[in-house]
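Peer 1: The following block contains a protein sequence and its predicted model.
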Amino acid sequence: MEKKILFFLSLVTFVMPYGLIAQESTLVRNVEEFDKAVQLAQAGTTIVLANGIWKDAELLLEGKGTAEKPIKLTVEDKGKVTLEGQSNLRLAGSYLHVEGLVFKNGFTPTSEVISFRKNNNTLAYHSRVTECVIDHYSNPERHEQDSWLVLYGKNNRVDHNHLEGKGNIGVTLTVRLNSKNSVENNHIIEHNYFGPRPTLGSNGGETLRIGTSHYSMENSKTIVRNNYFDRCSGELEIISNKSCQNTFENNVFYESEGTLTLRHGNETTVKGNVFLGNRKPNTGGIRVINGQQTVSDNYGYGLTGFRFRGALVVMNGVPNSPLNRYFQVADAVIENNVFVDSDQIQLCAGSDAERSATPIHSVFKNNTFYRKGPEKIFTIYDDISGIKFDKNTSNYPVLDAVKKGFKIKKMNLIEDEQGLMMPVINGKMIRPDLAPTLPTKRNVGTDWYSKEDKRVAFGSGKVIPVKAGINTLYDAINIARAGDQLLLTEDGTYEMSKIPLISRSLTIKATENIRPVVLWEKKAAFEIVNGGALSLEGIVFDGENAPDYSGNAVIRTSRYSMNQNYSLKIVNCDFKNLDVNHSFDVIKVFKNTFADAIYIADSQFENISGNVMALDKETDDIGIYNAQNVSLLHCNFKNIGGAVISIYRGGKDESTFGPLLNIDQCSFQNIGFGSRNKLQSAIKLYGAQQIMIKNSIFDHSQNIKIHLVVGEPIVEIDHLNLSPHTKIEMSGDQPYLLGTLYQKTKPEEIRLLKGDKNQPLGYQN
Ligand code: CA
């Protein structure tokens, strides 16, 4: 049967797992051998990739198998074959079976890594991709779009795969419906491990999308079941359903920010899914849009997300909506769902002049809501008369507008057999039958590829003592491994004549009770590059040796695109004499970089000619930005020529949660009056989604400028002590204040305190 195999292809013997049928298969060692084996393949052929690294291997598996005898592509030993560099795989034909490929250390040169098509005309049918891994196989250009696994054709199955760490823009797994050969597709997506997807800070960070708005009225009939979504937090939509008649069943969403969004298309079934927010920020459940959607028997726990990322969100639609906007919710059935300790049920969400079509002919029944306290969880933005509420249960009173459809009953919680905290009423667990066979992190994906967390926490490695001197710190940084802590043990100066690149998670910290000083001679003390994260504690940063040029910084990011997010933590540090020339910043970021968190606490900033940080380098007005969570706590800023902070997120996109800014107990003295301060403000925020500025003092400082663009941002400004120089300027087309805007302008109350942990700054009444 292997007659046609060329002499240089070796033969190995395989014992098939299900029986005694021994079948010969073809071991191939390079792309040329692979191509020849594919040319000769017939139904029943197995092509085996030899162990090793396949670099820049673009594979096309094309052929016709049969249901009984598929054409198989597999590997010699699972986990020992990796496709690296510029590799990818296309499948075309029918009854193809791909198993065990690992893509890592590179990125696809095309726009897909594994694709169920050769080209627009030649697709794959009845084919299966199983136990394949795509791990951090991200384009280095953060905003260069690609997708990792793309389904075309019909009757295909994607199961037990492991997809983790997509860092560039583009959906992780997509089902396309862009030709008649790809609709009514009956694809099955099951038992996959969707590993952590970091916040993208842009639209295009979905983990799964089925269809596009253009084809959203087509039936897709894709089934998505028994998958595990582990911290899939790319954007607002973990899943974006954009076609009709799909089913999402028995999936687990673990600490994933965002929601399963029924964005376009009708007749979707969302049943028996489990959303475990565990009180993590921005965790959501299900967002309902369009007609004939069924949302039943789902469970949510500790979901904290607000607005579009609520535990359950029913949207308003646009009358006569174009395909790419919002169709009215009609005939929705929302029943038998259980939400425990989840904060937000949003009805008629997104109601505005455009989205004015309220839900109609819908029912909301037999749902159970357990809360720890009496806080209201329902928010109603518009007329809910088109939703019939019936036989729902809550343990605290609900809004008058829905109370007819609720019974208020005493409840407690008991862990069920699956480990879910389930409400118990009168001694009876309400849904012991819910989601009886949940997927776990262990039993999805492969059993041979590690699901261990790849992110390394600050301080999780070893401690490396560092003596004062010239380049002692630089040298220590270069030998440190991810998680290590460099301990500055001498109360002297640490000088650097070169810029260390921070390419992994590092902590630099002073021994207790000493105050070492870092000096540097180049344009920055540190540069965070792709993969890096930096924590600084107990150190003085003195700019006196910095070059006499403009544009210096203490910490800067790479000026090149970073496809991994970084974080920066600064605690109990002093920054001073950053004024040898103009525009000397503390933190300087570049375009195409993104911070998960910039956290600064208990630190002093004095005599700085530039900005403390200008996170405003994404200026394309497409909803992208430079940092997600920014916190300034208990800090003193004095004599800053530029702004303390500038944030920019332009455009009308509503796909992201951030940026989020929290300023608490800080003092600002003489801020923003440098002649080169183009921002003309002490704080300038454009398009931020959550702004909290509280318990702080502004003395002789420029204005606080806040421009709100889209997304009903939460703005809380409270207990500010403002001298007459400083005004709060609010502008924008969607001012939406959830908190209180409160301005004190009594100059006699201005008093600056030393910010320190034990005696934090506070508003002086
Ligand atoms: Ca999206």
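Peer 2: Yep, it's here. Numbering: from 1, shown residues only.

Peer 1: so what's Leu312 closest to, chain neighbours aside?
Peer 2: What sits nearest to Leu312 in space, not counting adjacent residues and going by CB to CB, 6 or more residues apart in numbering, is Ile345, at 4.9 Å. In this view, the C-beta of every residue, glycine as well, is placed from N, C-alpha and C.

Peer 1: From what I see, that neighbour and Phe369 are in contact.
Peer 2: Yes: if you go by CB atoms under 8 Å, Ile345 and Phe369 touch, sitting 7.4 Å apart.

Peer 1: Show me the common contact partners of the two, please.
Peer 2: Common neighbours of Ile345 and Phe369 (criterion: CB atoms under 8 Å, 6 or more residues apart in numbering): Phe339, Ile377.

Peer 1: re the thing from before, which residues are in contact with the residue nearest to Leu312?
Peer 2: Contacts for Ile345 (CB under 8 Å, 6+ apart) come out as Gly310, Ala311, Leu312, Val313, Phe339, Phe369, Ile377, Phe378, Thr379.

Peer 1: Test for you: state the pLDDT assigned to it.
Peer 2: Note for Ile345: predicted pLDDT of 96.

Peer 1: what are the phi and psi angles of the residue of the stretch 451-600 of the chain at minimum distance from the ion?
Peer 2: Nearest residue of the stretch 451-600 of the chain to the ion: Phe594, at 16.6 Å (CB to the ion). Per-residue torsions, Phe594: phi -150, psi 130 (degrees, to the nearest 10).

Peer 1: quick thing: my sequence starts at 19, can you match it?
Peer 2: All set: I'll call the first residue 19, so the last point we hit is now Phe612.

Peer 1: so who does it touch?
Peer 2: Contacts of Phe612 (CB under 8 Å, 6+ apart): Arg160, Thr217, Leu218, Gly219, Met580, Asn583, Tyr584, Tyr643, Asn644, Ala645, Gln646.

Peer 1: Wait, Arg327 touches Phe675, no?
Peer 2: Yes: Arg327 is within contact range of Phe675, at 6.7 Å (criterion: CB under 8 Å).

Peer 1: any idea how far Leu341 is from the residue in the stretch 19-168 of the chain that the ion sits nearest to?
Peer 2: Nearest residue of the stretch 19-168 of the chain to the ion: Gln163, at 12.4 Å (CB to the ion). Applying CB to CB, to the nearest Å, the value for Gln163 to Leu341 is 21 Å.

Peer 1: Ile398 now?
Peer 2: Taken as CB to CB, the span from Ile398 to Leu341 is 28 Å.

Peer 1: Mind checking which of the two has more residues around it?
Peer 2: Neighbours per residue, other CB atoms under 10 Å: of Ile398 and Leu341, the larger number sits with Ile398, 18 against 13.

Peer 1: pretty sure Pro416 contacts Phe396?
Peer 2: Pro isn't right for residue 416; it's Val. Yes: if you go by CB under 8 Å, Val416 and Phe396 touch, sitting 5.9 Å apart.

Peer 1: shared neighbours, these two?
Peer 2: Residues touching both Val416 and Phe396 (CB under 8 Å, 6+ apart): none.

Peer 1: re the thing from before, what's near enough to touch the nearest residue to the residue of the stretch 19-168 of the chain closest to the ion once chain neighbours are set aside?
Peer 2: Spatial nearest neighbour of Gln163, chain neighbours left out: Gly188 (4.3 Å); criterion: CB to CB, 6+ apart. Contacts for Gly188 (CB under 8 Å, 6+ apart) come out as Ser129, Gln163, Asp164, Ser165, Trp166, Gly222.

Peer 1: Let's have those in JSON lines, adding neighbour count.
Peer 2: Formatted as JSON lines, those follow (neighbours: other CB atoms under 10 Å):
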{"residue": "Ser129", "neighbour count": "14"}
{"residue": "Gln163", "neighbour count": "12"}
{"residue": "Asp164", "neighbour count": "22"}
{"residue": "Ser165", "neighbour count": "23"}
{"residue": "Trp166", "neighbour count": "26"}
{"residue": "Gly222", "neighbour count": "21"}
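
Peer 1: and these as CSV, adding pLDDT?
Peer 2: Converted to CSV, those look like this (pLDDT from 0 to 100):
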residue, pLDDT
Ser129, 98
Gln163, 98
Asp164, 98
Ser165, 98
Trp166, 98
Gly222, 97
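
Peer 1: Give me the subset of those lying in strands.
Peer 2: Per DSSP state E, strands hold the following members of these: Ser165, Trp166.

Peer 1: which of the contacts of Gly188 lies closest to Glu51?
Peer 2: Using CB to CB, Trp166 is the member of the contacts of Gly188 that lies nearest Glu51, at 25.9 Å.

Peer 1: What residues does this protein have near the ion?
Peer 2: With CB under 5 Å from the ion as the criterion, the chain meets the ion at residues Asn221, Glu255, Ser673.

Peer 1: any idea which of the residues you listed has the most stuff around it?
Peer 2: Result: Glu255 is most packed of those (other CB under 10 Å), 28 neighbours.

Peer 1: contacting residues for that residue?
Peer 2: Glu224, Arg227, Gly276, Thr277, Thr279, Arg281, Ser673.

Peer 1: For the nearest residue to it once chain neighbours are set aside, what is the enclosing helix or strand?
Peer 2: Among residues not flanking Glu255 along the chain, Thr279 sits closest, at 4.4 Å (CB to CB, 6+ apart). Element membership for Thr279 (DSSP states H and E) is strand 276-282.

Peer 1: Looking at the residue lying closest to Gly323 once chain neighbours are set aside now. What's its pLDDT?
Peer 2: Leaving aside its chain neighbours, Gly323 sits nearest to Gly302 (3.7 Å; criterion: CB to CB, 6+ apart). What the model reports for Gly302 is a pLDDT of 97.
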